[in-house]
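> I'd like to go over a predicted model; first the sequence, then the structure.
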Amino acid sequence: MFDKLKDSISKFAKLGVADKGAVEALIKDIQRTLIQSDVNVKLVFELSKNIKEKALKDDLPAGLTRREHVVDIVYKELVEFLGKSKAEIKLEKQKILLLGLFGSGKTTTTAKIAKYYLKHGLSVGAISCDTWRPAAYEQLKTLGKQVKIEVYGDAKEKDPVKIVKEGLKKLKEKDIIIVDSAGRSAIDGELAKELKDIDKILKADEKLLVMSGDIGQAAEKQASTFNDLVGLTGVIVTKMDSSAKGGGALSACHAADVNVKFLGMGEKPQDLEIYDPVRFVSRLLGMGDLETLLEKAKEAIDPEKAMDIMKGDFDLNAFYDQIESTKKMGSFSKILEMMPGMGNVKIPKDMLDVQEEKMVKWKFMLDSMTKEEKSKPDVLNRQRYDRISKGSGTKPEDVRDFIKHYDQTKKMMKKFKGGKMFKRGPMAKMFKGMMGNM
């Protein structure tokens, strides 16, 4: 869905004349894409009606062409359509109840939510009270070890309410307690009673429905039903990294008057983003999302080491650290998507995959080097290249290419030191945000 919308906007933006015919063609493209993506037809026609009326009847704002005006209207209407404003996430002591049907990703999301609050300095514990799904407790324990949180559960106990009661005692010192509840293939009377009983004991501050991004129009009914059941405080939409129909779930939640708070963007614990419709639509239309990129960079990159890289003053040890930091920020395609001006650049996936494969090989090469070689790459010779290639499972020419890339990077950073690259534009904003004041 998102690629098609981006392509439609890009095609319109390149037109010489943005007349009535061009605007109507754009609206039809948007309608077709949203309907194919399981967005409610009524909502689609309301959206397209608003865009058409404003695009063709409004006076042009000063300084904008008709084409720019139309793109701006589409942007604003999509923000309204997908949720209006960013949800409030409170960083304070609280209890969180996660709800959802089978396959929504509740247990994985428990670990992601835990990771999010841990990053903000809060202690976290989790309770597994899913007595229906085999090995649910074991799965959460495994994930808990990954993110370093305490997990309570009882594989022998079949009463989820008893598990929650005992879990609250065991984890009472934790700032955040997350309860991973059981799901079903559909909402039935038994599940409804179970969730109400848990909610009565837990007295949760946050009641978050976890649903898959590919659920489509069913999202509205599901959100409304769970909301009537326990009074939801928000929704977490998962599988947003691969789903072609995420817009259906987002728009349905908005229609059900339930805020989306987080997006699950992958399988790893760090693959969770606060849902901000403004940023989301900006990225969706290929306009970039520098703020999210900046947040990821702050989490992944050591500011002092980044300053050394910017000055061109670094050895292979620092280069290694930056490779690791880049990997933490996500795939190249995700990073490019968030960079202003790069959202509509069509870089072949094969090319991005090759670069990511190279980075994996570089890490193996660095692992095969001695401390001296990392700090003084000039000592490398033919014999050392042969030894490093054997140790890393690569070819000697691959190692030479890596060192060549390292040398070129140093020269480039020294060349740009003090230049325009770091004084203005997106790169300047990114680094200034990371460093505080340069």
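Ah, there it is.

> strands along this protein, start to end?
94-99, 124-128, 150-152, 176-180, 206-212, 234-238, 260-264, 272-274 (DSSP state E).

> so which of those strands gets nearest residue 7?
Closest to residue 7 of those, according to C-beta to C-beta: strand 260-264, at 21.8 Å. Where C-beta positions appear, they are placed from N, C-alpha and C, glycine not excepted.

> counting contacts, what elements does the closest one pack onto?
Applying 3 or more C-beta pairs under 8 Å, 6 or more residues apart in numbering; DSSP states H and E, one finds that strand 260-264 contacts helix 106-119, strand 234-238, helix 246-255, strand 272-274.

> distance from the chain centre to the last one, please.
In this view, strand 272-274 has its centroid 5 Å away from the chain centroid, taken as C-alpha atoms, centre = their mean, to the nearest Å.

> neighbouring strands - and their directions - for that strand?
Applying DSSP bridges, strand 272-274 is found paired with strand 260-264 (antiparallel).

> give me the angle between the strand it pairs with and strand 206-212.
Strand 260-264 and strand 206-212 are oriented at 50 degrees to each other (axes from the mean of the first three to the mean of the last three C-alpha atoms, to 10 degrees).

> if we look at strand 260-264, which residues are touching it?
83, 87, 89, 105, 108-109, 112-113, 116, 208, 213, 233-241, 250, 253-254, 271-275, 280 (C-beta atoms under 8 Å, 6 or more residues apart in numbering).

> would you mark the buried spots in it?
260, 261, 262, 263, 264 (16 or more other C-beta atoms under 10 Å).

> one more: stretch 180-197?
Buried residues in stretch 180-197 (16+ other C-beta under 10 Å): 180, 181, 182, 183, 187, 191, 192, 194, 195.

> hmm, who's touching it?
By C-beta under 8 Å, 6+ apart, stretch 180-197 touches 97-104, 106-107, 110, 126-133, 136, 140, 160-161, 198, 222, 225-226, 229-230.

> again, 7 Å this time
In this structure, residues lying in contact with stretch 180-197 by C-beta atoms under 7 Å, 6 or more residues apart in numbering are 97-102, 104, 106-107, 110, 126-133, 140, 160-161, 198, 225, 229-230.

> now those: which count as buried?
Buried among the contacts of stretch 180-197 (16+ other C-beta under 10 Å): 97-101, 104, 106-107, 110, 126-132, 140, 160, 198, 229-230.

> any idea how far residue 360 is from residue 373?
In this structure, residue 373 and residue 360 are 19 Å apart, going by C-beta to C-beta, to the nearest Å.

> same thing with residue 269?
For residue 269 relative to residue 360 (C-beta to C-beta), the value is 20 Å.

> of these two, which one has the most company?
For residue 269 versus residue 360, neighbours defined as other C-beta atoms under 10 Å are more numerous around residue 269 (19 against 10).

> now the strands of the chain in CSV, with distance to residue 76?
Shown next, in CSV, are these (distance: least, C-beta to C-beta, whole Å):
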stretch, distance to residue 76
strand 94-99, 32
strand 124-128, 37
strand 150-152, 44
strand 176-180, 35
strand 206-212, 26
strand 234-238, 22
strand 260-264, 18
strand 272-274, 21
